[in-house]
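A.B. asks: here is my input; please provide its structure:
(one chain, ligands or ions: 1)
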Amino acid sequence: MKPILRLFFLLISIALATGCSRSMPEERIIIPERPQKIPEKIVKKIPQIMIPEDTRLIVIDPGHGGKDQGAQSKIYPKCLEKNMALSTAKMVESFLRSYGYKTVMTRTDDSYLTLKERAKFANDKIAKLFVSVHFNAAENRKAHGIEVYYFNSEPEKKKTESSKKLAALVLDNVIVTTKGKSRGIKHGNFAVIRETKMPGIIVEGGFITNDDEVEKIKDAAYMKKIALGIAQGIRKYLQAEGDCPRRDSNARPVA
Ligand SMILES: [Zn+2]
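C.D. replies: Okay, here's the model as predicted:
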């Protein structure tokens, strides 16, 4: 055979062996597998996986509500503390959820709850933290700034220490995000933080009786800064405690 013919046959045989490179991709029909029913006897033998109780539940408590309007602004139209607390608390919840924490609110609308009901709500849920959101009021219209309360209990040293730590972190972060004036962390004998069994704080996000401060708080962008500071403080506290959120803690806040 002539070399040229030999080369021709060689190329033909290579093309047939490898298949045409330009052929269409093979279509596959995927037949779903039928789920197999595990016999009852075997199911009983499978050891049950113990799911640990989620201890990361954070109860967010928007202050006041319903017939209890809380404080109100001196300027018109009147700004009610109960409404501002609810809006801020919803933003806090949104931030915390975006960080991967499990949260629940004591109220999500304009309903009235007693202070005892709020504390019982958190205790029944065996919450990890209790965070109450309020705005401040004073006779002196010049009073302004942000403060955070914790309950100082002698017999409950651990709870007191944790609450104080949480209060400090939340205040620090709110001051960073808002650039507001810090009035410090304070001991406060308030029912919601006294009656709750877990560490708890009351955030007073500013004075709605101060004309300048209430103007700022009314602005959703500023309110969001307060909420972000609260959420960041809570996150820092929980991270220091060794609790990791379920999702990436650097997830973008959704609020
Ligand atoms: Zn209040």
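A.B. asks: may I see the buried residues of stretch 203-213?
C.D. replies: Using 16 or more other C-beta atoms under 10 Å as the test for burial, stretch 203-213 gives 203-210, 213. The way it works is simple: take the backbone N, C-alpha and C, and place the C-beta from them, glycine included.
A.B. asks: and the ion, is that stretch touching that?
C.D. replies: No: Stretch 203-213 lies out of reach of the ion by C-beta under 5 Å from the ion, never closer than 7.4 Å.
A.B. asks: got the end-to-end distance for that stretch?
C.D. replies: Distance between the two ends of stretch 203-213: 15 Å, counting by C-alpha to C-alpha, to the nearest Å.
A.B. asks: leaving aside the residues adjacent along the chain, what's closest to the residue of the stretch 51-200 of the chain found nearest the ion?
C.D. replies: Going by C-beta to the ion, the ion is nearest to residue 134 of the stretch 51-200 of the chain, at 3.5 Å. Leaving aside its chain neighbours, residue 134 sits nearest to residue 63 (3.9 Å; criterion: C-beta to C-beta, 6 or more residues apart in numbering).
A.B. asks: what of residue 194?
C.D. replies: Residue nearest to residue 194 in three dimensions, not counting chain neighbours: residue 151, with 4.8 Å by C-beta to C-beta, 6+ apart.
A.B. asks: separation between the one you found and residue 198?
C.D. replies: The spacing between residue 151 and residue 198, counted by C-beta to C-beta, to the nearest Å, is 11 Å.
A.B. asks: ok so, going back, just checking, the residue nearest to residue 194 touches residue 162?
C.D. replies: No: using C-beta atoms under 8 Å, residue 151 is not in contact with residue 162; the gap is 11.0 Å.
A.B. asks: if you count what's nearby, which of those two comes out ahead?
C.D. replies: Per other C-beta atoms under 10 Å, whichever of residue 151 and residue 162 has more neighbours is residue 151, with 24 against 20.
A.B. asks: one step back: what helix or strand is the residue of the stretch 51-200 of the chain closest to the ion on?
C.D. replies: strand 129-136 (DSSP states H and E).
A.B. asks: off-centre distance for the very next helix or strand once past that strand?
C.D. replies: Remark: after strand 129-136, the chain's next helix or strand is strand 146-150, criterion DSSP H and E. Remark: strand 146-150 is offset 19 Å from the chain centroid, using C-alpha atoms, centre = their mean, to the nearest Å.
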